[in-house]
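Undergrad: need coordinates for the following:
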Amino acid sequence: MKALVYHGPGQKDWESVPDPRVIDSTDVIVQVDTTTICGTDLHILLGDVPAVEPGRILGHEAVGTVVEVGDAVSTLAVGDRVLVPAITSCGSCVYCRRQMPSHCQGVGGIGWVFGHLIDGTQAEYVRVPFGQTSLHRVPEGVTDEQLIFLADIFPTGFEMGVQYGGVKPGDVVAIVGVGPVGLAAVQTASLHGASKIIAVGRTWPRIKSALDLGATHGISTQDPDWLDQVMGLTDGLGVDVVIEAVGVPQTLEDAFRIVRPGGHVANAGVHGKSFTLPINDLWIQNITFTTGLVNGTTVPALLELLKAGKINPEAMGTHYFTLDEMLLAYDVFEHSGTHNCLKTVIRKA
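TA: Down below sits the predicted model:
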């Protein structure tokens, strides 16, 4: 089969590799019908995730068709259409029983294994460990383009941003960074009753996308008075919940600048560099700061919201490619500002 293979920082290729096979009785082999590229993949290519070894197939999101199941798999069959989520779950370890499969002990002590500790989904086929407790059967009438972004970015924005941020009715919420994860947080913040959703970004095309998807206000950090604009929307008190959705020190610093005393900063971005926490200023302000890796436990609820028309994940897909155009898709996504690209949709030819 063909796959996108990582060969060290800055190096990748679309090349022939052996087909995956069932290794453990809980494995499921899935034909990849649709996949995408995540910002985390770009972090890997920058060398930010040293656990990813050269030779690894990248990718951790897919919609596909079951082509083989292990002997212990009884609830899935060849031909089933499934969502392959970013997080796998053995279903029985201490963290899975705590509804925290992000730290599943089944493979390497973490739930994010695809394109990280084992071969991932940017390929024609993928082996899914613990398939019975990890895969989601696709409901009738739901398209790949709607589903693919429920594998990672929507649960990340919702869980690590809205839920970890403790958004409650009446809160003013600011999303710092309106890339795909930030836009997922924009779409889901209103589900918890946010009264204002402020999209804080750099470029107006992205900010306009946030406004189209549910943000009530948009502010560009390129405006010299952007901080005053945010404060003007909060009676000068600051924001109740700030969701940082980029993953660089500057945006995290900005988040702490606009949060109010007693407020919450929820980190949803993937960080490759350390950040100095301004604890000398924060200790007296009763600030809560949360971080985390997505668990994916909200996928069933998000599927129901999708079917009910309450969320619009397919709006994230702006550029379409076939699997054989994977390198072109990477080039467009890596230069997303130039191409006004939110997310790529990469489909079997």
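
Undergrad: ranges for the strands of the stretch 1-150 of the chain?
TA: 2-6, 12-16, 28-35, 62-69, 81-84, 125-128, 136-137 (DSSP state E, counting those that start in this stretch).

Undergrad: how many neighbours does G55 have?
TA: 11 (other CB atoms under 10 Å). The way it works is simple: take the backbone N, C-alpha and C, and place the C-beta from them, glycine included.

Undergrad: how about R202?
TA: Neighbours of R202 using other CB under 10 Å come to 15.

Undergrad: compute the distance between it and L233, please.
TA: 18 Å (CB to CB, to the nearest Å).

Undergrad: try P180
TA: 24 Å.

Undergrad: which one of the two has more residues nearby?
TA: P180 (28 against 16).

Undergrad: quick check: closest non-adjacent residue to that one.
TA: I153 (4.7 Å; CB to CB, 6 or more residues apart in numbering).

Undergrad: tell me how many other residues crowd the one you found.
TA: I153: 30 neighbours (other CB under 10 Å).

Undergrad: repeat that for V82.
TA: Neighbours around V82, by other CB under 10 Å: 23.

Undergrad: ok, for it, nearest residue in space, not its chain neighbours?
TA: L135 (4.4 Å).

Undergrad: who touches that neighbour in this structure?
TA: V28, V30, V66, L76, V82, L83, V84, P85, V128 (CB atoms under 8 Å, 6 or more residues apart in numbering).

Undergrad: 7 Å - rerun?
TA: Residues near L135 by CB atoms under 7 Å, 6 or more residues apart in numbering: V28, L76, V82, L83, V84, V128.

Undergrad: and for G269?
TA: Neighbours of G269 in contact, by CB under 7 Å, 6+ apart: G177, E244, A245, V246, G247, T251.

Undergrad: where is pLDDT lowest across those?
TA: Lowest pLDDT of the contacts of G269: G247, 89.

Undergrad: that one and G236, how far apart?
TA: Counting by CB to CB, the gap from G247 to G236 is 29 Å.

Undergrad: please identify which of those two sits among more neighbours.
TA: G247 (21 against 9).

Undergrad: how confident was the prediction at the residue lying closest to the more buried one once chain neighbours are set aside?
TA: Once flanking residues are discounted, G247 sits nearest to G269: 3.1 Å by CB to CB, 6+ apart. pLDDT recorded at G269 is 90.

Undergrad: now do the same for G269: helix, strand or coil?
TA: Three-state call for G269 (DSSP: H, G, I helix; E, B strand; the rest coil): coil.

Undergrad: same check on the one 5 residues further on?
TA: S274 carries the three-state label coil when classified by three-state DSSP.

Undergrad: go on, F256?
TA: Assignment for F256 (three-state DSSP): helix.

Undergrad: for T216, what are its contacts?
TA: T216 touches K196, I197, counting by CB under 7 Å, 6+ apart.

Undergrad: for F154, see how far away it is.
TA: In terms of CB to CB, T216 sits 20 Å off from F154.

Undergrad: lowest mean pLDDT among the helices and strands of the protein, which one is it?
TA: Lowest mean confidence among the helices and strands of the chain (mean pLDDT, DSSP states H and E): helix 279-282, at a mean of 88.

Undergrad: what comes up buried for that helix?
TA: L282 (16 or more other CB atoms under 10 Å).

Undergrad: so what strands line up beside the helix or strand just after that helix?
TA: Once the chain leaves helix 279-282, the next helix or strand it forms, by DSSP states H and E, is strand 288-290. Using DSSP bridges, strand 288-290 pairs in its sheet with strand 259-267 (parallel).

Undergrad: export the partner strand as CSV, just CAs?
TA: Presented in CSV, the C-alpha positions along strand 259-267 are these (Å, rounded to 0.1, in the frame of the first residue of the first chain):
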residue,chain,number,x,y,z
VAL,A,259,-8.8,36.5,31.7
ARG,A,260,-10.6,38.1,34.7
PRO,A,261,-9.9,37.4,38.4
GLY,A,262,-11.6,34.1,39.2
GLY,A,263,-11.6,33.2,35.5
HIS,A,264,-10.3,30.1,33.7
VAL,A,265,-7.6,29.6,31.0
ALA,A,266,-8.1,26.3,29.1
ASN,A,267,-5.2,25.3,27.0
